[in-house]
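In: From the sequence below, what's the structure:
(one chain, ligands or ions: 1)
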Amino acid sequence: MSVLSQPQFHCEEAAFDWLEKTLWPQGPACPHCGGMGRIGKIKANKEARVRMGLHKCGDCKKQFTVKVGTVFEHARMPLHKMLQAVHLMCSSKKGISAHQLHRVLEVQYKTAWFLAHRIREAMREGALAPFGGVDGMPGAGGIVEADETFIGREPGKPKKRAYHHKMKVLSLVDRETKQVRSVVVDDLKPDTVKPILAANIAKEASLFTDEAGHYVKLGKGFIDHQITSHRQGEYVRGIVHTNTVEGYFSVFKRGMKGVYQHCGKQHLHRYLAEFDFRYNHRVKLGIGDVERTDRALKGVVGKRLTYRLARSDAI
Ligand SMILES: [Zn+2]
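Out: Residues are numbered from 1 along each chain as shown. Okay, the predicted model is just below:
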């Protein structure tokens, strides 16, 4: 039996059961009052127009489904199809385009496009501990690689020879935990990069970068800063290199070029969240497609996308 032939991808009732099991491991919780004790399930009934997965809270008397307060809320699409989309996005290393989703799921392109962004939102990891820290012990920090890459076109900037007209992405990799974290930056001036490094890398970490000017000063904020000079043909000096983060960029860039092709700057952070998520839950770390999908589903709670995004035409 293939993964996609499992019932939660085909049957709406099974889809609700699946999502409830994932999001309510302790049993249903009322999103209105937080109550858990007196919740009853209301049987779906098409004729009486009772929705699938409906629950009623005995404390506040309000009704809800497991979709309330998640990125799936207000989506006009059966849940089992959305679960298929989550699985496809989680199991395709370089992503899956909205056009492909539109064909596979047999929904309108616009619907597929918006759904993909909902799922990226679920993949976005919020409020995280700084990289390279070992329980705040000074001198015990790990190694963090930092590097940047350039992609597409910065809105309103004329094309030039160097990278100034391109959108800029700064990524950090923690060598110990093998996790990546990426942000879109407007430029690479020290004033722009400094607060990002300060917020995301522990002071006791060792920072590994190339010789780019913005790092030279900024590296002083950390216990150690090692530079490889690409200009002098040096890429690896013992353990000093930025090959890990460059490896991440190669997957990201191949995905963005091959699958997504166009991406407006206003959406770039969501694509990065998608690539970061897959990288941080990759097979090498012992996480298979099924578990990755499960982790993405756990991220659907408490995130929403506005209608404004649905109407925006940028891809
Ligand atoms: Zn309640």
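In: Show me what counts as buried in the helix or strand harbouring Trp18.
Out: Assigned by DSSP states H and E, Trp18 falls within helix 12-23. For helix 12-23, a neighbour-count test (16 or more other CB atoms under 10 Å) marks 12, 14-16, 18-20, 22-23 as buried. The C-beta positions use only the backbone N, C-alpha and C, and glycine is treated the same way.
In: How about whatever residue of the stretch 201-315 of the chain ends up closest to the ion: what's its closest non-neighbour residue?
Out: The minimum distance from the stretch 201-315 of the chain to the ion, using CB to the ion, falls at Val301 (16.4 Å). Using CB to CB, 6 or more residues apart in numbering and skipping the chain neighbours, the partner closest in space to Val301 is Thr70 (5.3 Å).
In: Check Asp186 too.
Out: Thr192 (6.3 Å).
In: Look up phi and psi at that neighbour.
Out: phi -80, psi -40 (degrees, to the nearest 10).
In: Does it touch Val185 like I think?
Out: Yes - the criterion here is CB atoms under 8 Å, and Thr192 meets it with Val185 at 5.6 Å.
In: Near the ion, which residues of the protein are found?
Out: Selection of the chain residues close to the ion by CB under 5 Å from the ion yields 30, 32-33, 35, 57, 59-60.
In: ok, the residue nearest to Asp186 - how many residues close by?
Out: By other CB atoms under 10 Å, 14 other residues sit near Thr192.
In: The residue nearest the centre of the chain: what's it in contact with?
Out: The centroid of the chain falls nearest to Ala273 when counting by CA atoms, centre = their mean (2.9 Å). Ala273 makes contact with 120-121, 123-125 under the criterion CB atoms under 8 Å, 6 or more residues apart in numbering.
In: could I get the buried residues of helix 12-23 as CSV with distance to Pro158 and pLDDT?
Out: Putting those into CSV (distance: CB to CB, whole Å; pLDDT from 0 to 100) gives the following:
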residue, distance to Pro158, pLDDT
Glu12, 51, 95
Ala14, 54, 96
Ala15, 49, 97
Phe16, 52, 97
Trp18, 50, 96
Leu19, 48, 96
Glu20, 53, 96
Thr22, 48, 94
Leu23, 48, 95
